[in-house]
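Peer 1: missing the sequence, but the structure's below:
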């Protein structure tokens, strides 16, 4: 055995007995052989004379690579040798007088690789160099099945490698594909089609596998050859005959159906397509889909019928004449029952395309009013299809109920899968609402009547239909209970499904009840039924904790909608929720919970109920006290015992405190500021006492971030609830929040201060004066004036947190200046921070990567100029500030920073920033007059090499009153200066 053959066998060895080092050496040896000048001759010789499949494959693969990559460098003689040899092998040609190359008798992967080599030659040489390749191949088909099979493989490879547009192609490949197809159409397509017909006719009873290969190849070509070569009195009857004959294999019959699908789907003008569809007499195959739904034949016929229906619908939509539309609709009506059947009973390759087809069909009904009997029948069948498609598979029932990994994946898949089907349902709801409602009523009734051991999926699907249908209804229709809604909603509310303990059923039931709450809002006689749904074991008392928590959230939404109408039921509601309220803070909350699923919405619902002014004052106080007192007592007890907590006890106790704060926070959302501060101050007093207790949490647990976060959130809430009466509690709270605060916590503190400033404006000035120095000192200590590091390794959690602190600081400073509180910077305690803050603002206004942050800083400067600088010749409020603005801010921010090429005028945000910079110049001129103008023009412009005439024009524009004209002129000035300076001026 030659060395090359040995090396190839080692490279392809899969036994695991060959040492990796030896395999590496063999690979290197083979790669070295590939670089030899005579590699093509070596490969051809080995293909012809070696009987080892590994060797044949390696040689064909190498030949393919050489032709594909190095074709232009191969000599004409060598190209001829490759062409002649490969074609001879593909046609079962002789090596010499006594021997033939037997590659065609080898395995499929060898023949497929040989076809790939041939197609690569066709890519470069057909039709200009090797014009006869297809004609020559056709003349060799008489040699029998092996050569015919090889010809089919070449056609398939041609489609895969070059022609099929389903694969991404380069412009060059598209050009070559066009060249090859044009040449084939002109030269040999008709002969190839004739060969297909003759081969199938001859071999249909003796070699079905070969006929299947021929038809599979033919199917690929129908899309771009003359359709008349296939749609004629010879080929179409043959294809239908193959599909309909019982004795033939499913593969052959399916391949014939695939060709008919290609015929039906071929792109052509609707005027030509319609008579083609008529001529097919498609009804002949309807009976086939009723057979084994899992069979390959049924799947292929199903694809044919759905493809036919799609094309008939397109003809209906595209053709304008009434006759043509009538014919199209007749064809559609004829095929649709079978299409609906296959949609419900067969495995189809693409459900998505079916949904798109049905959406298109339903859209045509919008113009047909009233709907005819046939259309109404079809609507019912489409609804049946939707119900079938959206049903979960019972095999996943337990997984979905416990929501394990498999269940979660299946639920996510189904949510995505259902989207288009629900769009279809909503469209039907708008076209035929009555039919839709009757179908849903019958589905629900059937689900209720069915036995509990198998109806989980039926019930879930019926409820999901009703839920999705609600999206097609407007608010007024829902309130009035149009159609059968007046029957459906009460039916829904009164139903207790045998499978209600199932998580999926319980959840979709609650979501559906919530969706139709507007009906209950208008029909108050059903309120007691709604309350029963949420308060019994179907809702908040459901055994599944996830259902119970979701029910709490949905109940809160229902309470917010029904509100006043629930006042008579408050006592009953509170009594029903007593156990859940009591148990809320004692459960295990150490696990992560999503905001909408932690069960705290029970307290928000109760807050909304008892926080209404329609509740008697005495009752209101009693209700609130009965909730707040035990919660505060729990917190106080936990705080007293905090020092003796063991490491094992601490996490649970801290989690309990968190939950109590969340509960009180949620409860307070139902109480308005007017009620607690003006009409019923006793209620306000209760919340102040509660705030006093919760602020102790910050003292006892100063370094527990989740607790700080929850207390901060509660302070936010109390600001909205108690209004200005919260002031006495703020200094202590803010001081405690600042203790050992990390960057993330500083952000929360700044956001709280922003809320206070925005709500109270100058009323907050005294408190702000007190806390600002500590906050400024803390923040300036942890952030630098320069930009944060960039590049590899800089995107750390610590850097991201510091950047967030910096961004929030600028918002904080912006809020201070825009709410008439800039005097806080000038108080004796804060004065030492003025310069570093000004330097930070200056650097940021010139250099920060975030354009919106730069804009905020420029706006801060504009406001400070207005606040601190009098009219020209006036006394300075802040000594040195005017010269800082004129000499430093004006030139650096308003001129030099704009000359940098990174200042991109085509960006919308940058243009807004530029507008603020122009406005700043206008304000500086108004406040400082010629002091600003002379310095800016005499010092700034010369440094930027600004021509004198442009400087003079700038003065004229600035002194004028047209800000738009100034902005336009200044932009063109900057762009001109950039051309001269290339943006290289440093910020000074």
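Peer 2: Now that the structure is in, tell me what you want to look at. Model, not experiment: these values are computed from the prediction.

Peer 1: any stretches of the stretch 151-300 of the chain with poor pLDDT?
Peer 2: 292-294 (pLDDT under 70).

Peer 1: okay, now residue 226: neighbour count?
Peer 2: 12 (other Cβ atoms under 10 Å). (Each C-beta comes from the backbone N, C-alpha and C, glycine too.)

Peer 1: also residue 180?
Peer 2: 19.

Peer 1: for residue 217, same thing?
Peer 2: Quick note: residue 217 (other Cβ under 10 Å) scores 22 neighbours.

Peer 1: that one contacts residue 156, doesn't it?
Peer 2: Yes. Contact criterion Cβ atoms under 8 Å: residue 217 and residue 156 qualify, at 5.5 Å.

Peer 1: what about stretch 696-712, average pLDDT?
Peer 2: Stretch 696-712 shows a mean pLDDT of 90.

Peer 1: equivalent analysis for stretch 636-650, please.
Peer 2: 83.

Peer 1: end to end on it, go ahead and measure it.
Peer 2: 15 Å (Cα to Cα, to the nearest Å).

Peer 1: for it, buried residues please.
Peer 2: 638, 639, 642 (16 or more other Cβ atoms under 10 Å).

Peer 1: list just the nearest of these to residue 331.
Peer 2: Ranked by distance to residue 331 (Cβ to Cβ), the buried residues of stretch 636-650 are led by residue 638 at 76.0 Å.

Peer 1: list the contacts for residue 339?
Peer 2: Neighbouring residues of residue 339 by Cβ atoms under 8 Å, 6 or more residues apart in numbering: 305, 306, 309.

Peer 1: with distance to residue 282, pLDDT and secondary structure added, can I get these in JSON lines?
Peer 2: Formatted as JSON lines, the contacts of residue 339 follow (distance: Cβ to Cβ, whole Å; pLDDT from 0 to 100; DSSP: H, G, I helix; E, B strand; the rest coil):
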{"residue": "305", "distance to residue 282": "7", "pLDDT": "92", "secondary structure": "helix"}
{"residue": "306", "distance to residue 282": "11", "pLDDT": "90", "secondary structure": "helix"}
{"residue": "309", "distance to residue 282": "9", "pLDDT": "94", "secondary structure": "helix"}
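
Peer 1: buried subset of those, written for ChimeraX?
Peer 2: Selection of buried members from the contacts of residue 339 for ChimeraX, criterion 16+ other Cβ under 10 Å:
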select :305,306,309
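
Peer 1: could I get the contacts of residue 339 in JSON lines, plus columns for distance to residue 51?
Peer 2: Formatted as JSON lines, the contacts of residue 339 follow (distance: Cβ to Cβ, whole Å):
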{"residue": "305", "distance to residue 51": "48"}
{"residue": "306", "distance to residue 51": "48"}
{"residue": "309", "distance to residue 51": "53"}
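
Peer 1: quick check: of the contacts of residue 339, which lies closest to residue 417?
Peer 2: Nearest to residue 417 among the contacts of residue 339 is residue 306, at 17.7 Å by Cβ to Cβ.

Peer 1: distance of that closest one from residue 312?
Peer 2: 11 Å (Cβ to Cβ, to the nearest Å).

Peer 1: now do residue 738
Peer 2: 74 Å.

Peer 1: tell me which of the two has more neighbours.
Peer 2: residue 312 (27 against 16).

Peer 1: thought residue 335 was touching the more buried one, still the case?
Peer 2: Yes. Checked against Cβ under 8 Å, the pair residue 312 and residue 335 is within contact range at 6.7 Å.

Peer 1: next SSE after the helix or strand hosting residue 665?
Peer 2: Applying DSSP states H and E as the criterion places residue 665 in helix 650-668. Where DSSP H and E defines the elements, the next helix or strand beyond helix 650-668 is helix 673-674.

Peer 1: average pLDDT across that following helix?
Peer 2: Rounded mean pLDDT across helix 673-674 is 94.
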